[in-house]
Every structure is written in structure tokens, then in C-alpha cells.
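Engineer: A structural model of the following input is requested.
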Amino acid sequence: MPAEQACPRRPGAKLSLRNQEREAITTDPWFSALSASLRHDILRRAEVRHYPDASVICRRGDPADAWLAVLAGSVRIGSHSPNDRQITLRYVEPGVWFGEVEMFDMKGRPYDFLAHGDTTLLCVGREDVQQILVDHPEFCIALLRLQSQRARQLYRLVEDLNTKSLRARIAKHLSQLARTYGEPANTDGPEVRIGLRLRQAELADLIGCSRQRLNQELKLMERDQTISVEAGGVVVRNDHALRRIYEHAS
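Structural biologist: Residues are numbered from 1 along each chain as shown. Now for the predicted structure:
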């Protein structure tokens, strides 16, 4: 379902969020830095939409008529290769806003957006975003700051691809996933299960390597007791070790 159909505006409708969903949005560093009046105006214009696992939020080329944020679950952003293989570029986690660039350049969604797990989105229509820009001059600077953060992330990704080993890149991604989607693996120790269920092929796409190479590195990390691999996921047994792998890699 295209985003502009999924997020119709209902003026005056009260936004109802569960505590965990509200916390995901309000504790995001970018959103929490906005003024109270701007945050209030964004949320009062927003709609909540729910998507079951693997459902289509929008397809590449669909009109971009809404600004989106993840409240729960995850959004897989990707495309298809010439032989129709799915390619994963990014997973958007709870609390993160996305989709504003194509909303302004009017060229349609650049990639497919799909729900990964049962996913809840917050949607603000384009006309509402334009009105917020008129009513809150600070919003323009805030959006520029958001884009600057993403540009830095992209530069770091390119730098990692050119300067870090595959093992280091895997360690970094696993550590980041554990911090974002971590669930206690047991009650007695520091082990963390990555709650975002990824097949090895999906994780390999995210990191930029083959599934075979990824599997080899995961087995080595498992042998070193840094992680353990389960059906449908990974348990991080020693996050400090993962970060050392990345920080000390050349």
C-alpha cells in the first residue's frame, strides 16, 4: 500500500500511542532536541498505521506524500537487482524519521519500503509538513541537521567499506543491532539476543558481502565465544569484544 494511501489525514483526531511507542519517538536525540511546541505540532498532525510482517508500505516510484517514523518493528529499505534478487540497504529502527527527502524533491520513493516484523509507523502528510515549516521556522534547520547526520553516516559507511576488514564491519553491525534491538538472552549474564530476526542472506546484504563469507566470519566469532548463532538470529555474548574488533581493525 503506497504511503500516501496509508496515511490519510484526519483533522482533530487524537493520536493514541502505547507507552513504548511514545518513548521510541520522544527519546530519539533528534526529535527530543526540537522545541516543545514543534514536537506537539508534529504529533498532533500525525497518523498511526500498522503493517504486518513483510507487507509493502510503498514501492519504488510511488508518490512520496508522507513523512514517516518507526514506532515499533522495523522498515526494510531495499531494491531489486537486475535478476530480481532482493537487496537490503538499511533497516530503520524505532524512533527514527525517514522519507523526507523524496517528499521534497517530488521524484517518488527511491526504494521499496517493507515491514520487517509487525511494524507501526507514524505518518505526517506532505501538506502538514509544509504547514509546519511555515509555522515553525526552526523546523527547516532541524531537517537540515537530520540530513547532515545521515550524510555523516553515509560517509562513515563508505570509509568502513574502503578501510575496514569484513570481520570489523560485521562486528560493528552486530554491536549496533544489539544496542538497538537487544533483548536479554538470559537472566544471569550480559548476553544479548538481537531481536531483529535476520536471515544470514539479509545480514550479508546489509553488510555488503556474500552469505558464505558472512557465515565463515560468524563461525570464527562463535568459536571465540564473542557471539552464538541461533536459528533465525544471533546472540551477542561479548559486546566489548565486538567493539574492540572494529576499533582496532585497519
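
Engineer: other SSEs contacting the biggest helix by length in the chain?
Structural biologist: Assignment by DSSP state H gives helix 138-163 as the longest helix of the chain. Contact here means 3 or more Cβ pairs under 8 Å, 6 or more residues apart in numbering; DSSP states H and E; on that basis helix 138-163 packs against helix 29-32, helix 36-44, helix 100-105, helix 126-135, helix 166-181. Glycine gets a C-beta too; all of them are placed from N, C-alpha and C.

Engineer: relative to helix 36-44, how tilted is it?
Structural biologist: Following axes from the mean of the first three to the mean of the last three Cα atoms, to 10 degrees, one obtains 80 degrees for the angle between helix 138-163 and helix 36-44.

Engineer: buried ones in helix 138-163?
Structural biologist: Neighbour counts over helix 138-163 (16 or more other Cβ atoms under 10 Å) mark 139, 142-143, 146, 160 as buried.

Engineer: between the residues you listed, which sits nearest Leu15?
Structural biologist: Within the buried residues of helix 138-163, the smallest distance to Leu15 is 18.2 Å, found for Phe139 (Cβ to Cβ).

Engineer: quickly list what the closest residue in space to Ser228 that isn't next to it in sequence is bridged to.
Structural biologist: Leaving aside its chain neighbours, Ser228 sits nearest to Val235 (4.6 Å; criterion: Cβ to Cβ, 6 or more residues apart in numbering). With DSSP bridges as the criterion, Val235 is bridged to Arg193, Ser228.

Engineer: ok, Val235 touching Gly189?
Structural biologist: No: Val235 is not in contact with Gly189 according to Cβ atoms under 8 Å; the separation is 10.4 Å.

Engineer: how many residues are close by Phe104?
Structural biologist: 14 (other Cβ atoms under 10 Å).

Engineer: dump the residue contacts of it.
Structural biologist: Contacts for Phe104 (Cβ atoms under 8 Å, 6 or more residues apart in numbering) come out as none.

Engineer: phi and psi next, for the residue nearest to the spatial centre of the chain.
Structural biologist: The C-alpha lying nearest the average C-alpha coordinate of the chain belongs to Val92 (Cα atoms, centre = their mean; 1.2 Å). Backbone dihedrals for Val92, given as degrees, to the nearest 10, come out at phi -90, psi 120.

Engineer: what number of residues lie near the nearest residue to it once chain neighbours are set aside?
Structural biologist: In this structure, Val92 finds its nearest non-sequential neighbour in Val75, 4.2 Å apart by Cβ to Cβ, 6+ apart. Val75 has 27 neighbours, counted by other Cβ under 10 Å.

Engineer: thought Val75 was touching Leu121?
Structural biologist: Yes: counting by Cβ under 8 Å, Leu121 is a contact partner of Val75 at 7.4 Å.
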